[in-house]
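>>> sequence plus the predicted model coming up.
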Amino acid sequence: MGLTSLGAMVVETMPTGCATGLGSLPGEDIDAAVAVVFDDLPDLPYLPELPARGPGAQMIGRTATHLVGLAVDLQPAGWRLVDRGGIDRQRGRDLMTADLDALMPVAGPGYDGRLKVQLAGPWTLAAALSVPRGGPALGDRGATRDLAESLAETIREHLAEVARRLPRAALVLQLDEPSLPAVLAGRVATESGFGALRAPDARVAIEALATAVAGAGDVPVVVHCCAPQPPVTMLREAGAAAVSIDVLTQTPPRDALAELVESGAALWLGVLESLGPGVPPSPRSVADPVRALWRELGFPAEQLADTVTLTPTCGLAGASPGWVRTAHRLVRQAARALAEAPEGTRR
């Protein structure tokens, strides 16, 4: 069932020409975190993740504890697929419920703006979750297939829960895939740590991603990959409406980025360090490398704001509260500068 039938007003295309964050923030106060995000990033606020609250609030546990038809349990080595979940699984679910409820007093019941929510992608889950007999689920083809199918249903239920609270919001889903390059390169370690798991076939990798993306229905999906060598072309082939990468440290092939833009997909660019430099940069110094990249790609300057969204390079969980507010302000000001003066000719 798509979200439109549930009453949510969704956008048909990915938001561009604005700024947002990638999810995680410091601290444990979800009410304060939601208030900060909606105040700082009104064009595209996001549901904050607060990993300082424990495993059920961190990227893997936050998604794994909600998998439909699959249960997990927390072990010393991490999350493991089990027949029946326990108290750790329930705690992760309770934390998410509290997070979703925190949206309502800040956004208000009539909120009709955009809102982004985040979940872990299928291959990052497969690399992080263990199967009952030991070892990453990535080493079990049946388990990876089950994970992708479960995640698709999890996405449907999660978006429906958000829409139930904010029925007029235009939702965006972010799938986090930091482990995907390692998966594709066959660099994920076996349980013993002395070997590496075989990389999945490219078509199998795309199909699992496409299954997860399809779970969002009408809601546009951005796939975020902050690891080196993000597979830009693969993510687009899987149906992502946008690809989110770090342009400070990553050097994806320019032809892949150009093909992405030509296909009509949006490009989300991480332009600020997540921990912050000693002296904050100016909005112009944040925007200028984006202009330079755009010129390299060979597209008209006036098309930039219709294609690009700016973010920090990664989550801000390790940042100071002061840098969080500064980072939010800088990406918003830089995005505005790009929209108003794509070639930097006006100030």
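Perfect, I can see it now.
>>> burial check on Val223, number of neighbours?
For Val223, the number of neighbouring residues by other CB atoms under 10 Å comes to 29. Where C-beta positions appear, they are placed from N, C-alpha and C, glycine not excepted.
>>> could you pull up phi and psi at it?
phi -100, psi 120 (degrees, to the nearest 10).
>>> got a list of what it touches?
Contacts for Val223 were tallied using CB atoms under 8 Å, 6 or more residues apart in numbering; they are 121, 174-175, 177, 209, 213, 235, 238, 240, 242-244.
>>> the residues you listed in helices, which ones?
Among these, the members falling in helices are 209, 213, 235 (criterion: DSSP state H).
>>> how many residues are close by the first one?
This means Leu209. Neighbours of Leu209 under the rule other CB under 10 Å: 26.
>>> what's the spacing between it and Leu248?
Distance, Leu209 to Leu248, by CB to CB, to the nearest Å: 25 Å.
>>> need phi/psi at Arg114.
Taking degrees, to the nearest 10, you get phi -80, psi 160 for the backbone angles of Arg114.
>>> can you count the residues close to it?
Neighbourhood size, Arg114 [other CB under 10 Å]: 20.
>>> mind listing the residues bridging to it?
On the basis of DSSP bridges, Arg114 is bridged to Ala170.
>>> mind listing what the closest residue to Ala185 other than its chain neighbours touches?
Here the nearest residue to Ala185 in space, its sequence neighbours aside, is Ala199; by CB to CB, 6 or more residues apart in numbering that works out to 6.3 Å. By CB under 8 Å, 6+ apart, Ala199 lies in contact with 183-186.
>>> now do Gly195
Going by CB under 8 Å, 6+ apart, Gly195 touches Ala189.
>>> same list, the contacts of Val223, but as JSON lines with pLDDT please.
As requested, those are exported to JSON lines (pLDDT from 0 to 100):
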{"residue": "Gly121", "pLDDT": "98"}
{"residue": "Gln174", "pLDDT": "98"}
{"residue": "Leu175", "pLDDT": "98"}
{"residue": "Glu177", "pLDDT": "97"}
{"residue": "Leu209", "pLDDT": "97"}
{"residue": "Val213", "pLDDT": "97"}
{"residue": "Leu235", "pLDDT": "96"}
{"residue": "Ala238", "pLDDT": "96"}
{"residue": "Ala240", "pLDDT": "96"}
{"residue": "Ala242", "pLDDT": "96"}
{"residue": "Val243", "pLDDT": "96"}
{"residue": "Ser244", "pLDDT": "96"}
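>>> in TSV, list those residues along with distance to Ala305.
Converted to TSV, the contacts of Val223 look like this (distance: CB to CB, whole Å):
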residue	distance to Ala305
Gly121	27
Gln174	20
Leu175	24
Glu177	26
Leu209	28
Val213	25
Leu235	22
Ala238	26
Ala240	20
Ala242	14
Val243	17
Ser244	17
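>>> among these, which lie within strands?
When strands are assigned by DSSP state E, the members of those inside them are 174-175, 242-244.
>>> neighbour-wise, give me the winner out of those.
Each of these was scored by neighbours using other CB under 10 Å; the highest score is Leu175's, at 29 neighbours.
>>> my guess is Asp101 meets Leu166, correct?
No: between Asp101 and Leu166 there is no contact, the gap being 11.1 Å when judged by CB atoms under 8 Å.
>>> what's the burial count for the residue nearest to Gly135 when sequence neighbours are not counted?
Closest residue to Gly135 apart from its sequence neighbours, by CB to CB, 6+ apart: Glu191 at 3.9 Å. Residue neighbour count, defined by other CB under 10 Å, stands at 15 for Glu191.
>>> same thing with Leu171?
Counted with other CB under 10 Å, the neighbours of Leu171 add up to 23.
>>> for it, which non-adjacent residue is spatially closest?
Setting aside the residues directly before and after it, Leu171 is nearest to Val219 in space (CB to CB, 6+ apart), at 4.8 Å.
>>> that neighbour in helix, strand or coil?
Secondary structure of Val219, reduced to three states by DSSP: H, G, I helix; E, B strand; the rest coil: coil.
>>> model confidence for it, exactly?
What the model reports as pLDDT for Val219 is 97.
>>> can I get the host helix or strand of Val106 in CSV? Just the C-alpha atoms.
Secondary structure here is read from DSSP states H and E; on that basis Val106 sits in helix 87-107. Output in CSV follows, covering the C-alpha atoms of helix 87-107 (Å, rounded to 0.1, in the frame of the first residue of the first chain):
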residue,chain,number,x,y,z
ILE,A,87,14.5,-6.6,25.7
ASP,A,88,17.1,-4.9,23.4
ARG,A,89,14.8,-5.2,20.4
GLN,A,90,11.9,-3.7,22.4
ARG,A,91,14.0,-0.9,23.6
GLY,A,92,14.9,0.1,20.1
ARG,A,93,11.3,0.1,19.1
ASP,A,94,10.4,2.2,22.1
LEU,A,95,13.1,4.7,21.3
MET,A,96,11.8,5.1,17.7
THR,A,97,8.2,5.6,18.9
ALA,A,98,9.4,8.3,21.2
ASP,A,99,11.3,9.9,18.4
LEU,A,100,8.3,9.9,16.1
ASP,A,101,6.1,11.3,18.8
ALA,A,102,8.6,14.1,19.3
LEU,A,103,7.9,15.4,15.8
MET,A,104,4.3,16.3,16.6
PRO,A,105,4.6,19.2,19.1
VAL,A,106,7.4,20.8,17.0
ALA,A,107,6.0,20.4,13.5
